[in-house]
Every structure is written in structure tokens, then in C-alpha cells.
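1. When you get a sec, could you give me coordinates for this:
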Amino acid sequence: MPTWNHVTLQDSANPTMEQLTFFHDYSMVWLTTISMFIMYMMIMSTKNKFTNLMINEGQSIETIWTILPAMILITMAIPSLRMLYLMEEMTNPQFTIKSVGHQWYWSYEYSDFNNPIEFDSYMIPAEETKNIRLLEVDNRLILPMKTQIRMLTTATDVIHSFTIPSMGMKMDSVPGRLNQMSMKSNRPGLFTGQCSEICGINHSFMPIVMEMVPMKSFINNFIKKNM
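-> Have a look, this model is predicted:
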């Protein structure tokens, strides 16, 4: 979950977020290099008449700044397209979870069992929780770690967005439509998120808390308890 003075991405909890973090760092290297080069050329063009003349009339520099950006875009597009493909790939999910956005809370459905489990998840008021403010709920989404899960999401009223940064998840919840994403956590823990679509007056009061637990604990402490 986010902390005070947190200026970087949250620690990744699955391979998808690890790839997103890598691509972010990879892109920032290129952006920083390009920005420094442009700043250098701007400073030199104001101090050196020869450099200014070369930039304005040099055929070589015009060829370079046409071809080089195209090559940089290609080197950034290849890993980007690869990641988009991997994020859309659905690889043998072991079970499916459905999240439904409402104004302003979430409901969850475990529909793969003989007796489906359904419950609503409301934010706990700030004065009633000891955990992080506006990010705790009365019923957490409990899932097994190291398990391939298919997440479906939709909404009943307006467009919401199911977002958990540390899991690399961000899906629009659209009324009348099902969107899906695959996820798998490498470690146990609590992973928080919020609706990231401006969905109305209480948009900032519908958090998501996902609790990843070992499979044995998931079956014994959650499934058997709720069935």
C-alpha cells in the first residue's frame, strides 16, 4: 500500500507488475537521455554560432534527428507490445472471481464452487479503523497466492475502474459488459487499490483490499467458512 513520501512505484507482487516496473525504468532512461541531449544542444546553439548554423542548415543533423527518434520509438514499442500481449493472455486459470462496481462500493462473486460465495465490500470509516485511512474495508477479497486467477469486472450503474497498483491491475468496470484480466501473486500479503474512474460524489470512498494467502489457508479458513 502507499506510504508517506512514496514517490516511486509500489513493490511488485506478481510478474506483470515486475515487467511494468522494468518498462517504466527503461523508458525513463531514454526520456532522461533525450531531455539532457536537447538541453545541451539548446545551450550550445545560443553560445556557438557554428553549432547554431549546423543545426539550422546541416543536412547531416537533419538526417540524424529524423532517423534516431524512429529507432528509439521502435526500441520502446517492442517491449511495450510484448507486455500488452502478455497482459491480455489468459493461461489456464484455476478459478474465476467477479467484481461488480456500485455507487459506491464493490461486490465480489466466487462462482466456480457448488455454492457460490457472494458478498459486498464497503469502506470502513476512518474513525473506526486503525489501518491506513480510507483504504480498509469490512470484507476483503481473499484469494490464494501462486494460483492463476481470472478476474472479471463489470458495473451496475456508471463506469468504475478496478485498480490494484502492486498487482499491475487496472480494468474498467463498464455496465452491461464484462472485462477480464489474468493475475497471479508470488507472495502473501495485503494489496490495496481504489476505483480510479471518477464515478461520482463518493468516488474516493470505494477502496479495494485484496488479501493473498496460501492455498491451504484459503480453503480451510475462507471457503469452508463461507459455504
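2. Quick check: what element follows the lowest-mean-pLDDT helix or strand in the chain along the chain?
-> Among the helices and strands of the chain, helix 49-57 carries the lowest confidence by mean pLDDT, DSSP states H and E, at a mean of 58. Once the chain leaves helix 49-57, the next helix or strand it forms, by DSSP states H and E, is helix 59-88.
3. what packs against that next one?
-> Applying 3 or more C-beta pairs under 8 Å, 6 or more residues apart in numbering; DSSP states H and E, one finds that helix 59-88 contacts helix 15-47. No exception for glycine: its C-beta is placed from N, CA and C like everyone else's.
4. Quick one: list the elements packing against the helix it packs on.
-> The contact analysis (3+ C-beta pairs under 8 Å, 6+ apart) places helix 15-47 against helix 49-57, helix 59-88.
5. give me that answer again for 6 Å
-> Packing partners of helix 15-47 (3 or more C-beta pairs under 6 Å, 6 or more residues apart in numbering; DSSP states H and E): helix 49-57.
6. Which positions within stretch 70-89 qualify as buried?
-> Within stretch 70-89, the residues that qualify as buried by neighbour count (16 or more other C-beta atoms under 10 Å) are 83, 87.
7. pLDDT on that stretch, on average?
-> For stretch 70-89, mean pLDDT rounds to 85.
8. Can I get it in CSV, CA atoms only?
-> The C-alpha coordinates for stretch 70-89 follow below in CSV (Å, rounded to 0.1, in the frame of the first residue of the first chain):
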residue,chain,number,x,y,z
ALA,A,70,12.3,6.5,-35.2
MET,A,71,14.8,3.9,-33.9
ILE,A,72,14.2,5.0,-30.3
LEU,A,73,10.5,4.6,-30.8
ILE,A,74,11.0,1.1,-32.2
THR,A,75,13.2,0.0,-29.2
MET,A,76,10.4,1.2,-26.9
ALA,A,77,7.5,-0.2,-28.9
ILE,A,78,8.8,-3.8,-28.9
PRO,A,79,8.8,-4.4,-25.1
SER,A,80,5.6,-2.4,-24.8
LEU,A,81,3.7,-4.5,-27.3
ARG,A,82,5.1,-7.7,-25.7
MET,A,83,3.8,-6.6,-22.3
LEU,A,84,0.4,-5.8,-23.8
TYR,A,85,0.2,-9.2,-25.3
LEU,A,86,1.2,-11.0,-22.1
MET,A,87,-1.3,-9.0,-20.0
GLU,A,88,-4.1,-10.0,-22.3
GLU,A,89,-3.1,-13.7,-22.4
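9. Could you list the residues in contact with that stretch?
-> When contacts are defined by C-beta atoms under 6 Å, 6 or more residues apart in numbering, stretch 70-89 is touched by residues 19, 23.
10. And for stretch 7-16?
-> Applying C-beta under 6 Å, 6+ apart, the contact partners of stretch 7-16 are 18, 21, 165-168, 184-186, 191.
11. if you set the cut-off to 7 Å instead, what comes out?
-> 2, 18, 21, 24, 87, 165-168, 183-187, 189, 191 (C-beta atoms under 7 Å, 6 or more residues apart in numbering).
12. Where do the domain boundaries of this structure fall?
-> Split into domains by automatic domain parsing, the chain comes to 15-88, 95-226.
13. Relative to His6, which of those domains is closest?
-> With C-beta to C-beta, the closest approach to His6 among the domains of the chain belongs to domain 95-226: 10.6 Å.
14. winner for burial among the domains of the chain?
-> Highest mean neighbour count among the domains of the chain (mean count of other C-beta atoms under 10 Å): domain 95-226, with a mean of 17.
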